[in-house]
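Participant: based on what follows, work out the 3D shape:
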Amino acid sequence: MATDEPVDVVLIGGGIMSATLGTMLHRLEPDWSIRIFERLGDVAQESSHPFNNAGTGHAALCELNYTPERPDGSIDITSAVKVNEQFQLSREFWAGLVDAEVVPKRTGFINSTPHMTFVRGEKNVDYLRRRYETLRQHPLFSAMEFSEDPAVIYSWAPLLVLGRERDEPIAATRTVTGTDVDFGALTHTLMDGLTQAGAELVLNTEVTSLKRGKDGLWSVRTQHLVGRTSSTVRARFVFVGAGGWALKLLQKAGIPEARGFGLFPIGGQWLRADDPEVVQQHQAKVYGKASVGSPPMSVPHLDTRIVDGKASLLFGPYATFSPRFLKKGSLLDLPLSVRPHNLIPMLAVAKDNFPLLKYLINELRKTRKAKFASLQEFFPEADPADWRLLGAGQRAQVIKKDAKKGGVLQFGTEVVSGADGTIAGLLGASPGASTATAIMLDILQRCFPGRMATWRRGLTHMIPTYGSMLSDDPRAVQRIHRATSESLGLTA
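Facilitator: Okay, the predicted model is just below:
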């Protein structure tokens, strides 16, 4: 069945990305019609689900992969500043939604949770000290603290120190203004707001094809997975926010911009503790140092998670492998994604990333006892009886063409958009959800360049620092941070 009247916007996928873009477009163009297709029975069931991700409000406060060491021993903070700037945009956007009563003030999707980095060994302690000395000079990181004193670190996060040898070199940084974010709760709230405003959310419905007509409109063919009925809707603009399945749909759309891209799926597991006596002793997100050859998403971390008002602890993630591009995807996802145009990049990545493949093989061979030993490196007195294994989300890391190497594996996010601006999709993983606002602003600029001047006032109303770098004005850093903290109910 086909509908004659085209919709202005079709969003494919019911996660935080579609929810963010849909909310922005509705506030900029309230009269536009929006239809959202989600193949599962509810939104936020894949990467946006609170226990499928770490919930870290990624601001580069604790993640060492954003601050690599240069050959001369200096610390490169370029990526850290970029990611932090992007997260500040998300904070501003969310705070504005609360102030506008689009998001209820007591939704509880974001909570103050200190962000820490914890390292062991003299070499790592020296690196963390130099990282701290470099970062603290930047206005976005001026509140960071550093200590090598076990007593101080104990006061910050007792579980890191209990049972540890006294002469072991350790160090930690802490930023008390870090956050834990329940992207599942936020997604549900934004989707509720969209549907109440007139958007149509269609669940249990899979998009099976995308085809652009001679009139410039996209024919979006769908199949309802319960009744197996098919229908087609025409759309003026399509956003593919379907996680790992975005590549499959962009390939079906046939846009040349998607050529050369491939995906490498990586799954994960957590150890989870819910006993209040254990949980109350650790109120922070603590990131460590990645194993050699491991992807950034596998950096070990011991996290406070707050979901539906209840706190838990997660440790991990432990890497797993499946050819699925989604947790509830198909075993054929990886083989069916191979095309002549992305075969060489995929083979090049396989050749050049032997340490990563070795890491994944070692992870797959780990017993539960070995996995628990990794936790005890963070928390020496951990009791196996308090922890259980939990499946995490499935990530599909981007493989893209490279003129020199043939192909490279990319651990960030990649926006793929058609030349005429009528379709865009998102590939990749972390920092993903935390920087959704910045990513969607990029999509607006790419796909609606002719409207940006008209939209500027509305965008500035939603995001006061839109169009500028927050860190260019140190006074603005503090002012904006206090304002968003007050709106979101966070520690200033």
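
Participant: tell me the helix or strand right after the lowest-mean-pLDDT helix or strand in the chain.
Facilitator: Taking mean pLDDT, DSSP states H and E as the measure, the helix or strand of the chain with the lowest value is helix 354-365, at a mean of 82. Proceeding N to C from helix 354-365, the next assigned helix or strand is helix 368-378, under DSSP states H and E.

Participant: now that following helix and helix 354-365, what's the angle there?
Facilitator: 110 degrees (axes from the mean of the first three to the mean of the last three Cα atoms, to 10 degrees).

Participant: for helix 368-378, name the packing helices and strands.
Facilitator: Judged by 3 or more Cβ pairs under 8 Å, 6 or more residues apart in numbering; DSSP states H and E, helix 368-378 is in contact with strand 262-273, strand 310-320. Every C-beta, even on glycine, is put in place using the N, C-alpha and C of the backbone.

Participant: and the least confident helix or strand of the chain, how far out from the chain's middle?
Facilitator: How far helix 354-365 lies from its chain's middle: 23 Å, per Cα atoms, centre = their mean, to the nearest Å.

Participant: over to stretch 452-468?
Facilitator: On Cα atoms, centre = their mean, the centre of stretch 452-468 falls 24 Å from the chain's centre.

Participant: try stretch 367-382
Facilitator: Counting by Cα atoms, centre = their mean, stretch 367-382 comes out at 26 Å from the chain centroid.

Participant: now tell me what touches that stretch from outside.
Facilitator: 118, 120, 159-160, 162-164, 269, 271, 282, 286, 288, 300, 302, 315-316, 318, 384, 387, 389 (Cβ atoms under 8 Å, 6 or more residues apart in numbering).

Participant: if we go to 7 Å?
Facilitator: Outside stretch 367-382, the residues within contact range by Cβ atoms under 7 Å, 6 or more residues apart in numbering are 159-160, 162-164, 271, 286, 288, 300, 302, 315, 318, 384, 389.

Participant: of these, just say which sits nearest to residue 277.
Facilitator: Nearest to residue 277, judged by Cβ to Cβ, of the contacts of stretch 367-382 is residue 159 at 11.6 Å.

Participant: that closest one reaches residue 281, doesn't it?
Facilitator: Yes: applying Cβ atoms under 7 Å, one finds residue 159 in contact with residue 281, separated by 5.5 Å.

Participant: which of the two has more residues huddled nearby?
Facilitator: residue 159 (19 against 13; other Cβ atoms under 10 Å).

Participant: next, give phi and psi for that one.
Facilitator: Backbone torsions for residue 159, taken as degrees, to the nearest 10, come to phi -60, psi -20.

Participant: check contacts around it.
Facilitator: Contacts for residue 159 (Cβ under 7 Å, 6+ apart) come out as 281, 282, 379.

Participant: and the gap between the last one and residue 386?
Facilitator: Counting by Cβ to Cβ, to the nearest Å, the gap between residue 379 and residue 386 amounts to 10 Å.

Participant: next one: residue 419
Facilitator: 54 Å.

Participant: out of those two, which sits in the more crowded spot?
Facilitator: residue 386 (16 against 10).

Participant: surely that one and residue 276 touch.
Facilitator: No: using Cβ under 7 Å, residue 386 is not in contact with residue 276; the gap is 10.8 Å.

Participant: which among the contacts of stretch 367-382 end up buried?
Facilitator: With burial judged by 16 or more other Cβ atoms under 10 Å, the buried subset of the contacts of stretch 367-382 is 159, 160, 164, 271, 286, 288, 300, 302, 315, 318.

Participant: over to the third one. Which of the three states is it?
Facilitator: The one in question is residue 164. coil (DSSP: H, G, I helix; E, B strand; the rest coil).

Participant: for residue 319, name its beta-bridge partners.
Facilitator: On the basis of DSSP bridges, residue 319 is bridged to residue 268.

Participant: tell me how many other residues crowd it.
Facilitator: Count around residue 319 with other Cβ under 10 Å applied: 24.

Participant: show me what contacts it?
Facilitator: So residue 319 contacts 266, 268, 298, 360, 363 (Cβ under 7 Å, 6+ apart).

Participant: out of the helices and strands packed on helix 368-378, the one nearest residue 329 is which?
Facilitator: Using Cβ to Cβ, the helices and strands packed on helix 368-378 put strand 262-273 closest to residue 329, at 8.4 Å.

Participant: from the chain's centroid, how far away is the helix or strand following the closest one?
Facilitator: Using DSSP H and E, the helix or strand that directly follows strand 262-273 along the chain is helix 276-279. Its chain's C-alpha centre and that of helix 276-279 lie 27 Å apart, by Cα atoms, centre = their mean.
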